[in-house]
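A.B. asks: Got a predicted structure here, sequence first:
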Amino acid sequence: MSSIIVVVGIVVYIALYFLYGKRLETNVVKANNDIETPASRLYDGVDYVPAKTPVLFGHHFASVAGAAPIIGPVIAMAWGWLPALAWIWFGNIFVGAVHDYLAIMASVRYDGKSIQFVASDLITKRTGKLFYWLVFLILVLIVGAFGAVLGNMFVGDPSVPSSYLLMLVAGLILGVLIYRVKMNFTLATIIGVVMLIAAIFGGIAMPITAPKSVWFAIMFFYIIIAAAIPVNVLLQPRDYLNSWLLYVGLAIGALAALSSGVQFSAPAFTSFAPIVSGGKPSPFWPVIPLIVACGSLSGFHSLVGSGTTSKQLDKESSGLTIGYGGMLFEGFLSTIVVVAVAGYGLGLLVNAGQDISAANWGQQYLAASGAAGISGAGMFTAAYAEMVASTWLRFLPGAFVKTIAGMWVASFAMTTLDTTNRLARYTLAEIALPLKDKSEGAYNFLTNRWIASAIPAALGIYLAWSGTFSILWPSFGAGNQLIASIALLTGTAWVAKRLKTKATMALIPAYLLWITVTAAILWHMFVVVLPAIQSNAVTNTVVFIIEAVMFILNVVFIIDFVKTRNEPAPEASEA
Amino acid sequence: MSEHQPNFLIRLWRSLRAFLRGIDQAQRERVVALTAYEARELENMFVLMLLGSFAGMPSPPSFLAVELLPHLEHEIRVLNRRAESSTDALAEIMGTIDADA
Amino acid sequence: MKTIFFTGKGGVGKSTLSAAAAWQLAESGKRVLAISFDPAHNLGDIFGRTLGHKVTRFSANLDLRETDLDEAAAEYIRRNTSILTEVYSYTKAFNLDRYFKVLRHSPGVEEYAALTALEDLLRTSDDYDVVVIDTPPTGLTLRILALPRISITWVDRLRRIRRDILDKRHTVHSITGTFSEEGQKLAYEEKDDRVMQKLTELFDRYVAVARHLESDANRVAVVFNPDYLSLRESQRILDGLSDLNLGVNVAFNNKYTQGLSEIADSMERELFDGRDAPPPVHRIPWEPYRREKSYEISYDLTQLFAL
């Protein structure tokens, strides 16, 4: 069953890539390889460098890969595997990948300027400024949500934190080897991979057990320190090791999923509104985008794609492969996650003594996972390990496979924590800019590098510590999808105003997305967060306020968008 | 018939090698991407410091700039390009440090 | 080769004293060069010669020169404008063409020209035992004397950044191959980087000058008069020199008469009390200005500089 689904997924993606994606390319974007891309036209050897398509695909994919394409689908299983796959496949194909593709292509035609720039050009300057606010707020929520994921995982599987610690050491050593000693790169890579494997085995041999509060404290200091030290010391070598982890984990997972042939024990469909967020029945529409972001649709991709990928496109036709195709590939990753949980989730929960069956899955899945200590990442690693063990890959030791999966999530999540902190310092500085004239003291305070680092870290860790994961995750999703809907609507503005094409392929998903995300935020704010303030006052008030601000920004955006909808594009801002 | 088999195997071997080479190149680029970015920012800062005297910033004595300027063609280009893109930095940073969930 | 800088407010008799010292030292057997950076051209008047950039032989042991800083500045600008218009086409360089005509008057050019002249002087004067230098007005003198140290600081800072840049380029090169831009390979080794070479050259040059100024081969003399008019500026000179870590080796209370002894006492107290290592003060008696040979004074200066 699982293999069939995986194959079906591959076929669906490939088929619609050609049937739908190509149409998007030809009829809407009208990609033309005779037009020189900014990578060659504005070549500068650092940002603007044409890269060969497969290489750029790898870069882009590794950039957008994270822990979210794994965590999201695990939670979405509450609706059953069919709705989850439906969103991962069709949400991706008709909305998510379109969003990524349009953002990249608009950027390419704008001399490689970001989607934020395009928005401020085609909509209003204020729209561009919104991005700083939204990104900052999301960064706080990311730390909250991912911090909670990590907290749960570190407690549930103590070999993961110790493996990760050893991996950090390996990263530091690798950094010295590559940048100081300037060792031969291939040799350094081999040493690095060997150290990584050693880290995994080392972690299994020496697990670190500690209460969640300790992990949260460690995370707080980790974020601040890792975001302050030079990138050559930790960030770059660690990311390099991460990429190997990603490829190996993905390869093993794909092979296992294709050859496992397990029957799905989880139900195909539970109900329209099972318990997902905050213990409340959550309607599939509009909530699913908040749960499964990366893997189907993610606003951050538009920024990453229009930030670096678009400047490296060697020809316009590569945009489809990398932008559209890259997103589909991430969907493939999420498909594997669904398959693993669908096949093994029920068995795992029953073995852990939970009272759960296909019948009460909708109501009990998340609660049972939490009670059994295998929610979120834990469920993934356990299911992944089971899936691999059931195939010809069972020669790989079980603990090793489970820890690889755990490390995969942990290393990406931890990386996200400190890179978002670096980003938060920048966005906070941009947000605080108007203060400069009014209150220089406040401005200097907010832009002090330690304060600017500590504020989002402290807020985020506080949320992770005291908050409810099932409330935090969708709020992060909400912010992310808000950016996605702004980016997609900007994409349609580009299509309408610059390309002067009437494009239903872009317009319909864009409007539907905006309506969905707006409804979802309102639902989450008033059905989940507001009532939860009673039981957890401060934390949920903070979450409510953050979501309220995001909602207001959303309203400001749509007003600006509608007002400028029929205005022609300004003169000469693009190539 | 005997001509097809070697061709196929050779083609397979060649594509495998190209694939591995591609991965090698991609990984090499990844590992120095931030270093190259930093080098470029330092070049920007270097020439900004030098030319600051022409713009009223605290800076080295102006003759230093005049002495070094003939050799700083590349850096001045960097200066101009960075000045243009400094207002559009958010996405660039996110892409450069792989800030994604 | 030792240098003696005569500093002081204009009109206190600095040029006369420096000429006198030069003459006496030459007569005592030393090979002396007397050079003036003062735009007032007093040296030529005192020795009765028209002096210029080229050395004028005055006697067997005494050579004379005058440096016109304005001319030096103009020449410097001219030289660099031509370098730059060679390298940059007119449109590319933020209208440097127009800018450079203004540069001549910008702060720093005069000092730089003087620094270059000083450098040249130090480099080419090994034939002499003593070089006596008549300095320009106080402000400019202090700025010129400060320039080597300031330049060293800046050049060092720039060198550090440059080294960082080269190191990073080297890292990129060693892993991915050439680091090039528009077909032009960027240097990643110090030996190939012209900017680094230039910076090192400048660094060495300024260090040489700074070292000389702070060394035992250098002497600084301060000249003032026993009247309160020269008090403030003399204090400024002393303060300025002390900020530069340059000590004053000898002070001259020039145009002294018996009747001014009280003022002279009080001035010397105000100037030197409380300072570290106050210099010996010599009161040079007022002598009427002679039209001929005004460089001959009765006070013996030859032993005062501990040469």
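C.D. replies: Here it is on my side, so go on.
A.B. asks: element containing the closest residue to chain C within chain A, please.
C.D. replies: Chain C sits closest to residue A:45 of chain A, with a gap of 4.1 Å, by C-beta to the nearest C-beta. C-beta here means a position set from N, CA and C on the backbone, and glycine is covered the same way. Under DSSP states H and E, no helix or strand contains residue A:45.
A.B. asks: Tell me the predicted confidence for it.
C.D. replies: If you check residue A:45, the pLDDT there is 79.
A.B. asks: Give me the neighbour count for it.
C.D. replies: 18 (other C-beta atoms under 10 Å in any protein chain shown).
A.B. asks: Same question for residue A:362.
C.D. replies: Per other C-beta under 10 Å, the neighbour tally for residue A:362 reads 22.
A.B. asks: hang on, isn't it packed against residue A:272?
C.D. replies: No: using C-beta atoms under 8 Å, residue A:362 is not in contact with residue A:272, being 9.2 Å away.
A.B. asks: ranges for the strands of the stretch 51-200 of chain C?
C.D. replies: C:56-57, C:62-66, C:130-134, C:180-181, C:184-185 (DSSP state E, counting those that start in this stretch).
A.B. asks: Pick the most buried one from these.
C.D. replies: strand C:130-134 (a mean of 25; mean count of other C-beta atoms under 10 Å in any protein chain shown).
A.B. asks: Quick one: residues in contact with that strand.
C.D. replies: For strand C:130-134, the surrounding residues in contact (C-beta atoms under 8 Å, 6 or more residues apart in numbering or on different chains) are C:1-6, C:14-15, C:18-19, C:21-22, C:25, C:30-38, C:42-43, C:121, C:125, C:305, C:307.
A.B. asks: Determine the three-state secondary structure at residue A:66.
C.D. replies: coil (DSSP: H, G, I helix; E, B strand; the rest coil).
A.B. asks: Look up the pLDDT of it for me, please.
C.D. replies: Note for residue A:66: predicted pLDDT of 86.
A.B. asks: so what's it up against?
C.D. replies: By C-beta under 8 Å, 6+ apart, residue A:66 lies in contact with A:294, A:412-413, A:416, B:100-101.
A.B. asks: which among those residues gets closest to residue C:50?
C.D. replies: Distance to residue C:50 across those (C-beta to C-beta) is lowest for residue B:100, with 77.6 Å.
A.B. asks: That closest one falls within a helix, correct?
C.D. replies: No: counting by three-state DSSP, one finds residue B:100 to be coil, located in no helix.
A.B. asks: roughly how far apart are it and residue C:42?
C.D. replies: Separation of residue B:100 from residue C:42 (C-beta to C-beta, to the nearest Å) stands at 74 Å.
A.B. asks: between these two, who's got more neighbours?
C.D. replies: Neighbour totals were compared for residue B:100 and residue C:42, and residue B:100 leads with 27 against 20 (other C-beta under 10 Å).
A.B. asks: ok, so what distance separates the more buried one from residue A:473?
C.D. replies: Separation of residue B:100 from residue A:473 (C-beta to C-beta) stands at 16 Å.
A.B. asks: How about residue A:160?
C.D. replies: If you go by C-beta to C-beta, the gap between residue A:160 and residue A:473 works out to 19 Å.
A.B. asks: Residue B:67 now?
C.D. replies: Separation of residue B:67 from residue A:473 (C-beta to C-beta) stands at 59 Å.
A.B. asks: and what of residue C:229?
C.D. replies: 82 Å.
A.B. asks: Looking only at neighbour counts, state which of those two leads.
C.D. replies: Ranked by neighbour count (other C-beta under 10 Å), residue C:229 and residue A:473 place residue A:473 first, with 26 against 12.
A.B. asks: Please identify which helix or strand holds that one.
C.D. replies: Taking DSSP H and E as the definition, residue A:473 sits inside helix A:469-497.
A.B. asks: ditto for residue A:455
C.D. replies: According to DSSP H and E, residue A:455 maps onto helix A:449-466.
A.B. asks: Now do the strands in chain B.
C.D. replies: Read by DSSP state E, chain B holds no strands at all.
A.B. asks: need the residues of it near chain A, please.
C.D. replies: Counting by C-beta under 8 Å from any C-beta of the partner chain, chain B comes close to chain A at B:19, B:22-40, B:77-78, B:81, B:85, B:87-101.
A.B. asks: so what's the closest residue to residue A:175 other than its chain neighbours up against?
C.D. replies: Of all residues not flanking residue A:175 in the chain, residue A:237 sits nearest, at 3.9 Å (C-beta to C-beta, 6 or more residues apart in numbering or on different chains). For residue A:237, the contacting residues are A:171-172, A:174-175, A:178-179, A:192, B:31, by C-beta under 8 Å, 6+ apart.
A.B. asks: average model confidence for the helix or strand harbouring residue A:237?
C.D. replies: According to DSSP H and E, residue A:237 maps onto helix A:235-260. The average pLDDT for helix A:235-260 rounds to 90.
A.B. asks: do the helix or strand hosting residue A:410 and chain B meet?
C.D. replies: Here residue A:410, judged by DSSP H and E, is contained in helix A:398-432. Yes: shown here: helix A:398-432 in contact with chain B (C-beta under 8 Å from any C-beta) through A:415-416, A:419-420, A:422-423, A:426-427, A:430.
A.B. asks: now do stretch A:478-498
C.D. replies: Yes: judged by C-beta under 8 Å from any C-beta, stretch A:478-498 comes into contact with chain B at residue A:480.
A.B. asks: ok, back up a step: relative to the very next helix or strand once past the helix holding residue A:237, what are the paired strands and their orientations?
C.D. replies: Counting by DSSP H and E, the next helix or strand C-terminal to helix A:235-260 is strand A:275-277. Note on strand A:275-277: by DSSP bridges, its sheet partners are strand A:280-281 (antiparallel).
A.B. asks: Just the CA coordinates for stretch A:467-475, please, in CSV.
C.D. replies: Only the C-alpha atoms of stretch A:467-475 are listed here, as CSV (Å, rounded to 0.1, in the frame of the first residue of the first chain):
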residue,chain,number,x,y,z
GLY,A,467,2.9,27.4,25.8
THR,A,468,0.9,24.5,24.2
PHE,A,469,2.6,23.1,21.1
SER,A,470,-0.7,22.5,19.3
ILE,A,471,-1.5,26.2,19.6
LEU,A,472,2.0,27.4,18.7
TRP,A,473,2.5,25.4,15.6
PRO,A,474,-0.6,26.7,13.7
SER,A,475,0.2,30.3,14.7
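A.B. asks: ok, residues contacting that stretch?
C.D. replies: Stretch A:467-475 is contacted from outside by A:71-72, A:75, A:141, A:144-145, A:148-149, A:152, A:276-279, A:287, A:290-291, A:366, A:375-376, A:463-464, A:520, A:524, A:528-529, A:532, A:536, A:539-540, A:543, A:546-547, using C-beta under 8 Å, 6+ apart.
A.B. asks: These, buried ones only, as a PyMOL selection?
C.D. replies: Only the buried members of these enter the following PyMOL selection, criterion being 16 or more other C-beta atoms under 10 Å in any protein chain shown:
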select buried, chain A and resi 71+72+75+141+144+145+148+149+152+276+277+278+279+287+290+291+366+375+376+463+464+520+524+528+529+532+539+540+543+546+547
